[in-house]
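pasting the structure only:
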Ligand SMILES: Cc1ncc(COP(=O)(O)O)c(C=O)c1O
């Protein structure tokens, strides 16, 4: 029999994130007829609330899927077999998207990366400038690389693409940045933005999103990759009237509507500021512990996840196991080349100062227990949180 543990479990992996009570209560309702008028009203209201989160006026399609389904939908609706896709190996998720693209029959050009930096706008711009024949049909990037805590500068990449005049489609994964870090689908002329429900949107896993530009829609009419379940055509046709081409995740849509209402009540600028403040406090804690961030460039520090290296003679997974056992907190494991070398602190979604304080205390006590030498990172974080809490001008603290 599983042992009962009193109090709350701290789910500080970088997604799925804590699902707030309001969302849980919204999901906990009777399922309704997805072809009835009540469902259509719910779906249309939800679609309308979704667009501002992507900062788009265009369609946002909702698939009953995990984020990886959103990746596949973005590719199969816009590209043809053998098309070249330019990607950058920023970490585990960029590599996984590249693998999926290869499996779909695309010709992936994966620019190498050190898993400590984001996509470099200058390197991408230079590669596109070289591609005078326009063999590259799409650029596909991960906005926030969840495995490293690195956020690529999508606006700067867009500017670099524009300087070359290259016509490639621009596809961006926002699975771990949407509704947490500022993101502008229309302004940055992104053609497909991929999202997922289980991180900044504060929902359980189970929904994937594609925000779609006019250019992407035009490309979809010519795209030759086979598609059925992921077909935008069927989805667009149905969603216009609040329907779905197949059985939707009805109860997840209740939850999505509630989560979007909560984001609207808090206000997106405040949501971004909250995440920025918690990201900064976490990094101050890491510095205070005397540990090293995986991310190296301050312009790319993630406000949703912080990946922390442990000293070479220690095992990050042993530290995580100690923290789980003693303090009932789950932290993210090191992925790919950071396996055993780094752990990740998720500070996104439904989160506040005291949850962060508890999280950082758990890490610090775990460092003690694991015998990893460290300073007082908690004190550094709390000083920052206290000094910045009353003032919206916290960035100046
Ligand atoms: C940035 C990013 N992209 C894509 C994915 C894949 O999403 P899923 O695991 O929901 O399929 C993840 C999962 O954590 C992610 O963090």
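In hand now; what should we look at? Note that the coordinates shown come from a computational prediction; the quantities given were computed from them, not determined experimentally.

mind listing what the most centrally placed residue in the chain touches?
For the chain, residue 176 is the residue whose C-alpha lies nearest the centre (CA atoms, centre = their mean; 1.1 Å). By CB atoms under 8 Å, 6 or more residues apart in numbering, the contact list for residue 176 reads 14-15, 93, 143-144, 146, 199-200, 302, 304-305, 348. (C-beta placed from N, C-alpha, C; glycine too.)

which stretches of the stretch 201-350 of the chain have low pLDDT?
For the stretch 201-350 of the chain, no stretch is flagged by pLDDT under 70.

Need the contacts of residue 176 in a markdown table (columns: neighbour count).
Putting those into a markdown table (neighbours: other CB atoms under 10 Å) gives the following:
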| residue | neighbour count |
| --- | --- |
| 14 | 25 |
| 15 | 23 |
| 93 | 22 |
| 143 | 28 |
| 144 | 33 |
| 146 | 28 |
| 199 | 29 |
| 200 | 30 |
| 302 | 32 |
| 304 | 29 |
| 305 | 31 |
| 348 | 31 |
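
check those residues against the ligand, which are close?
Contacts with the ligand are made by 15, 93, 146 out of the contacts of residue 176, judged by CB under 6 Å from any ligand atom.

what's near enough to touch the second one?
What that stands for is residue 93. So residue 93 contacts 142, 145-147, 173, 175-176 (CB under 8 Å, 6+ apart).

switch the cut-off to 6 Å
Applying CB atoms under 6 Å, 6 or more residues apart in numbering to residue 93 gives the contacts 142, 145-147.

Looking at the residues you listed, which are in strands?
142, 145 (DSSP state E).

How much space separates residue 336 from the ligand?
12 Å (CB to the nearest ligand atom, to the nearest Å).

Could you do residue 157 as well?
With distances taken as CB to the nearest ligand atom, residue 157 is found 16 Å from the ligand.

Over to residue 40?
27 Å.

Helix, strand or coil: sort out the closest residue to that residue other than its chain neighbours for me.
In space, residue 40 comes closest to residue 242 once its chain neighbours are excluded; the distance is 3.2 Å by CB to CB, 6 or more residues apart in numbering. Secondary structure state of residue 242, per DSSP: H, G, I helix; E, B strand; the rest coil, is coil.

quick one: residue 242 from residue 380, how far?
Distance, residue 242 to residue 380, using CB to CB, to the nearest Å: 50 Å.

what sits against the residue in the chain positioned nearest to the ligand?
Per CB to the nearest ligand atom, residue 67 is where the chain lies closest to the ligand, at 2.6 Å. Neighbouring residues of residue 67 by CB under 6 Å, 6+ apart: 175, 196, 208.

right, and the first one touches residue 193 too?
It refers to residue 175. No - between residue 175 and residue 193 there is no contact, the gap being 10.0 Å when judged by CB atoms under 6 Å.

Start and end of stretch 301-311, how far apart?
Terminal residues of stretch 301-311 lie 21 Å apart, using CA to CA, to the nearest Å.

quick revisit: pick out whichever of the ones next to the ligand among the contacts of residue 176 sits closest to residue 127.
residue 93 (20.6 Å; CB to CB).

My reading is that that closest one lies in a helix. Confirm?
Yes - according to three-state DSSP, residue 93 belongs to a helix.

tell me which element the residue nearest to the centre of the chain falls in.
Of the helices and strands defined by DSSP states H and E, none includes residue 176.

tell me the pLDDT at it?
On pLDDT, residue 176 comes in at 98.

how close does it sit to residue 102?
Remark: distance between residue 176 and residue 102 (CB to CB) = 22 Å.

circling back to that earlier point, tabulate the contacts of residue 67 in TSV, adding columns for distance to residue 228 and neighbour count.
What follows is the contacts of residue 67, written out as TSV (distance: CB to CB, whole Å; neighbours: other CB atoms under 10 Å):
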residue	distance to residue 228	neighbour count
175	23	27
196	21	28
208	16	26
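
I'd say residue 213 and residue 193 touch.
No - between residue 213 and residue 193 there is no contact, the gap being 8.9 Å when judged by CB under 6 Å.

And those two? Which one has more around it.
Per other CB atoms under 10 Å, whichever of residue 213 and residue 193 has more neighbours is residue 193, with 32 against 21.

number of nearby residues for the nearest residue to that one once chain neighbours are set aside?
Computed as CB to CB, 6+ apart, the closest residue to residue 193 that is not its neighbour in sequence is residue 211, at 4.1 Å. For residue 211, the number of neighbouring residues by other CB under 10 Å comes to 29.
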